[in-house]
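Student: this one's structure only:
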């Protein structure tokens, strides 16, 4: 119960977003603009600053990163099996494929910061910086093949990939952010988590027409199988409990709403992804506290 109460503020922000999206003053144009602001400006500022300032400050970085890469690759492999299990049309499979391994970064960062403070935020940002390019390469490659688009230009324009690569490069160079730049980025990044969770709620919708078998497969994969892989990999790599908790958080959060945006923009098949994101977010209110309690 205590874990559920700790996570309650984040899920309440999502619920507020659901309610606000249904009020007349906050129409689709408002939420579309807010989502773009978060995705292209606020969230990249948070990622760049966190990685530039803290990417080298996490102990046991190699086992920690190896755990994240291991469970992500497992999620990609299991998602490929979705081609055969639910037997979806090829276009729907290409859109849903990403839902087995992409993560709701806003929710993961907010939970890690709430449970472990600045150290938890720095730790999970490191994993996000490593995994954002990985999951985007996998998702964009599948969608690009379906939509007959080029993969590298799509990745080169992705603001999260740019921010993560830039932050990691800044940290690797050993540079320090100037005070003014650091404060500006901190203010921009600070706004991203609350607004990001509100836009998550605003984007939730159950329409999509997916068969129950497909919803069960990808939801079970994301909320049960993937965190189980993270727990097993973390134990195998000997992670200390705080880092193991962070790895499981990132694996156990539901699929990112940006998966819907990506699928809709690249192939026009966003509706099945919206159904998976909504179902996963609702069920994560139960599964995520259970995973954290199990640790």
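Tutor: All right, it came through fine. None of these values were measured; they are calculated from a predicted model.
Student: Relative to residue 94, how far out is residue 171?
Tutor: 35 Å (Cβ to Cβ, to the nearest Å). Every residue, glycine included, has its C-beta placed from N, CA and C.
Student: of these two, who's got more company?
Tutor: residue 94 (23 against 20; other Cβ atoms under 10 Å).
Student: now the longest helix along the chain: how far from the chain's centre is it?
Tutor: For the chain, the longest helix by residue count, based on DSSP state H, is helix 105-147. Helix 105-147 sits 5 Å away from the centroid of its parent chain (Cα atoms, centre = their mean, to the nearest Å).
Student: before we move on, what about stretch 254-268?
Tutor: Worked out by Cα atoms, centre = their mean, stretch 254-268 lies 12 Å from the chain centre.
Student: tell me which residues of that stretch are tucked away?
Tutor: 254, 255, 256, 257, 258, 259, 260, 261, 262, 263, 266, 267 (16 or more other Cβ atoms under 10 Å).
Student: Which element is encountered next along the chain beyond the lowest-mean-pLDDT helix or strand in the chain?
Tutor: Counting by mean pLDDT, DSSP states H and E, the weakest-scoring helix or strand in the chain turns out to be helix 151-156, with a mean of 72. Scanning forward in sequence from helix 151-156 by DSSP states H and E, the next helix or strand is helix 159-172.
Student: can you give me the angle that next one makes with helix 105-147?
Tutor: Counting by axes from the mean of the first three to the mean of the last three Cα atoms, to 10 degrees, helix 159-172 lies at 120 degrees to helix 105-147.
Student: which helices and strands sit right next to helix 159-172?
Tutor: The helices and strands touching helix 159-172, judged by 3 or more Cβ pairs under 8 Å, 6 or more residues apart in numbering; DSSP states H and E, are helix 43-54, helix 105-147.
Student: Any chance you could list what contacts the shortest one?
Tutor: Identification of contacts with helix 43-54 by Cβ atoms under 8 Å, 6 or more residues apart in numbering yields 105-106, 109, 121-122, 125-126, 128-129, 132, 159-160, 162-164, 166-168, 170-171, 175, 177, 182, 184-186, 188-190, 192-193, 196.
Student: Would you show me how to pick out the buried ones of the residues you listed in PyMOL?
Tutor: Per 16+ other Cβ under 10 Å, the buried members of the contacts of helix 43-54 correspond to this PyMOL selection:
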select buried, resi 105+106+109+121+122+125+126+128+129+132+160+162+163+164+166+167+168+170+171+177+185+188+189+192+193+196
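Student: For the stretch 101-250 of the chain, give me the ranges with low pLDDT.
Tutor: Counting by pLDDT under 70, the stretch 101-250 of the chain contains low-confidence ranges at 146-151, 154, 206-209.
Student: could you redo the last one with a cut-off of 80?
Tutor: 144-158, 160, 193, 200, 203-209 (pLDDT under 80).
Student: circling back: now the longest helix of the chain against helix 43-54, angle please.
Tutor: Going by the same axes, to 10 degrees, helix 105-147 makes 120 degrees with helix 43-54.
Student: any chance you could map the helices in this structure?
Tutor: Under DSSP H, the chain gives helices at 2-21, 28-37, 43-54, 61-81, 90-96, 105-147, 151-156, 159-172, 179-203, 212-220, 226-236, 241-252, 258-267, 271-294.
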